[in-house]
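Visitor: What follows is a predicted protein model with its sequence.
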Amino acid sequence: MRNESDFYLGVGHRVRQAAICYAILIPSLLLLTVFVYVPVTWAFIGSLFRFEVGGASEFVGLDNFVDFLFKDPVTWPAFGNMIFLTFFAVCVRLTVPLVVAKFIHSVPKERYRYFYRIVFLIPIVVPGVAIQLIWGGLVYAEHGIVNETLRALGLESWTQGWLSNPQTALFAVACIGFPFVGGFDVLIYYAGLSNIPESVHEAAWLEGCSGVKKFFLIDIPMVMSQLKLILILTIIGGFQGFEGLFILTRGGPGFKTTVPGLWMYLNAFSFQRMGYACAIGVVLFVLIFGLTLLNFRYFKSTEQLESGS
């Protein structure tokens with residue numbers, strides 16, 4: 001009888017624990033549903049209508065998607081700009097912060113490594129809007145750092161409005177953040193390098209694998225999980241992002257720096273074409289979701305490499 005009663009007491013205890021856990025999760029799930037899933041569902045439904053905020057809606061089926069993908073002259077240049085900026089961001093975020101993290105990890109004393117981590121982390125606290133305004137007002141301005149440096153070097157003929165010239169605007173936007181040593185990326189890579197077992201370093205040393213050879217053959221494969229994370233975040237940010245372009249150029253000159261995310265915003269809040277903007281958002285959602293699945297499928301993490309899967 002005692003064993004049976006203990007069994008029922010144990011089951012009751014587990015049920016109470018599960019009920020408490022579910023009760024704690026319910027408020028978060030409700031908030032997630034209200035502020036994430038409901039708006040996303042509304043966007044999918046709204047993409048099938050033509051309407052303005054507060055106005056009557058008209059069901060148009062897939063016309064918004066057809067107009068965006070095949071009739072809008074801004075669409076494909078905007079996608080080209082987005083692909084260029086995303087590809088540029090992927091290249092720099094998968095290389096420069098990793099090299100810097102490796103240098104920090106190679107510093108002999110821990111207190112100096114800690115100092116460098118703090119130094120590279122400090123820029124994270126600066127708001128992104130402030131960074132954009134600094135680059136637009138102090139770096140790329142007519143009398144900004146770039147033009148004044150060119151004048152000091154006797155290259156005054158090279159000075160120009162970097163964000164207003166159609167030939168340089170997109171590349172100037174891509175270079176914002178130079179030297180591309182983001183504190184978040186550095187810390188992610190540093191954590192991956194720190195998690196490499198000491199036995200791996202010792203085995204590499206015994207095999208005569210050191211320096212650049214060790215970096216490519218040992219370190220990079222061992223931080224593949226971190227590379228995968230940064231790649232996903234960069235792609236998502238590149239496809240969704242438009243805040244910096246809105247602050248600096250508003251998509252100009254012309255449409256030289258317009259991206260789909262910015263075009264979606266302008267259609268929604270400047271042109272009051274909410275259904276059309278929802279269609280653009282749905283297209284971006286499908287692209288991001290598909291690329292994320294491809295990344296999970298073909299870009300293997302460190303654990304997958306070790307298991308051979």
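Guide: Cool, got the structure.
Visitor: Apart from its chain neighbours, what residue comes closest to residue 184?
Guide: residue 124 (6.2 Å; C-beta to C-beta, 6 or more residues apart in numbering). C-beta: built from backbone N, CA, C; applies to glycine.
Visitor: hang on, that neighbour in a strand?
Guide: No: per DSSP: H, G, I helix; E, B strand; the rest coil, residue 124 lies outside any strand segment and is helix.
Visitor: ok, it touching residue 183?
Guide: Yes: Residue 124 is within contact range of residue 183, at 4.5 Å (criterion: C-beta atoms under 8 Å).
Visitor: more neighbours, those two?
Guide: residue 183 (19 against 11; other C-beta atoms under 10 Å).
Visitor: Contacts only, for the more buried one.
Guide: 120, 121, 122, 123, 124 (C-beta atoms under 8 Å, 6 or more residues apart in numbering).
Visitor: If we use 7 Å, what do you get?
Guide: Neighbouring residues of residue 183 by C-beta atoms under 7 Å, 6 or more residues apart in numbering: 120, 121, 123, 124.
Visitor: and the gap between it and residue 219?
Guide: Residue 183 sits 20 Å away from residue 219 when distances are taken as C-beta to C-beta, to the nearest Å.
Visitor: Same question for residue 205.
Guide: Residue 205 sits 13 Å away from residue 219, taking C-beta to C-beta as the criterion.
Visitor: for residue 49, phi and psi?
Guide: Backbone torsions of residue 49, given as degrees, to the nearest 10, read phi -120, psi 160.
Visitor: isn't it right next to residue 57, touching?
Guide: Yes: the criterion here is C-beta atoms under 7 Å, and residue 49 meets it with residue 57 at 4.4 Å.
Visitor: hang on, the residue nearest to residue 184 packs against residue 187?
Guide: No: Residue 124 is beyond contact range of residue 187, at 8.9 Å (criterion: C-beta under 7 Å).
Visitor: The residue lying closest to residue 229 once chain neighbours are set aside and residue 100: what is the separation?
Guide: Leaving aside its chain neighbours, residue 229 sits nearest to residue 188 (6.6 Å; criterion: C-beta to C-beta, 6+ apart). Using C-beta to C-beta, we find residue 188 at a distance of 12 Å from residue 100.
Visitor: how many other residues sit next to residue 278?
Guide: 23.
Visitor: Ignore what I typed, I meant residue 175.
Guide: That count, for residue 175 with other C-beta under 10 Å as the rule, works out to 18.
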